[in-house]
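Engineer: Everything below, folded, please.
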Amino acid sequence: MNTTKFKGVEITWFGHASFKLKGNAGIVYIDPYVIPDSAEAADVIVMTHEHFDHCAVENAGKIMKTSTVIITTQGCARRCSGDVRVIKAGDSVEIGEIKVEAVEAYNKAKPFHPRGLGVGVVVSINDVRIYHAGDTDFIPEMSNVKADVALLPAGGHYTMDVREAAEAALAIKPSVVIPMHYNYIPQTSADPELFRKLVAEKDESIEVRILEP
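Structural biologist: Just a heads-up that it's a prediction; the model follows:
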């Protein structure tokens, strides 16, 4: 199953870091590197940074309509056309009843994602706050994120691994956490059941939902 629901919002994982959020307020895609041929048109497309597996401009074009708004970083925005809103950590954009808040996302020691390259986002839709962490390590700023649902990378190498992702979940304390960014591209192998176990050992109030794209 690749779709779950939280308080009326459908959360669909297509694989890697690619999600669709669907509620009464509209349809939001995040990092549409992986999308089905039958994908619905988007009201909002968020791309967290400029790397090819996140700034998927060609796929974004497949789900755009005249009114679609793209929200992304400066590096990715250069490749986009249409209604494009540039964000950096600390910014927020409201499109109708959908709000997108940008937060920090970076590697602490790895070279792949220096601070300022990309962002994580908190998408508010139907009064539900959904945090997509982007490509990041477990960073101190996560303790300030307020979210009902957290989508956390767990594949290691380029991002947090399973153990760091569990620490991040414990710091954020969402109602639901969903691991992502694993077992899709090389060097991102991970066991989501270990992630579930590590979270449950420390805080059984956080529900881990493992989706199958």
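
Engineer: what about the strands in the chain?
Structural biologist: Per DSSP state E, the chain has strands spanning 3-6, 9-15, 18-23, 26-30, 44-47, 69-72, 83-86, 92-95, 98-105, 118-125, 128-132, 149-153, 176-180, 207-208. These are given in chain order.

Engineer: What strands line up against the shortest one, and which way round?
Structural biologist: Sheet pairing for strand 207-208, assigned by DSSP bridges, gives strand 176-180 (parallel).

Engineer: Local confidence estimate at the spatially most central residue of the chain?
Structural biologist: Residue closest to the mean C-alpha point of the chain, counted by CA atoms, centre = their mean, is residue 132 at 2.7 Å. On pLDDT, residue 132 comes in at 98.

Engineer: since we're on the residue nearest to residue 99 when sequence neighbours are not counted, how many residues are nearby?
Structural biologist: On the basis of CB to CB, 6 or more residues apart in numbering, the spatially nearest residue to residue 99 that is not a chain neighbour turns out to be residue 124, at 4.2 Å. (C-beta placed from N, C-alpha, C; glycine too.) Around residue 124 sit 19 other residues, with neighbours defined as other CB atoms under 10 Å.

Engineer: from what I can see residue 124 touches residue 101, true?
Structural biologist: Yes. Here residue 124 reaches residue 101: they are 7.5 Å apart, a contact under CB atoms under 8 Å.
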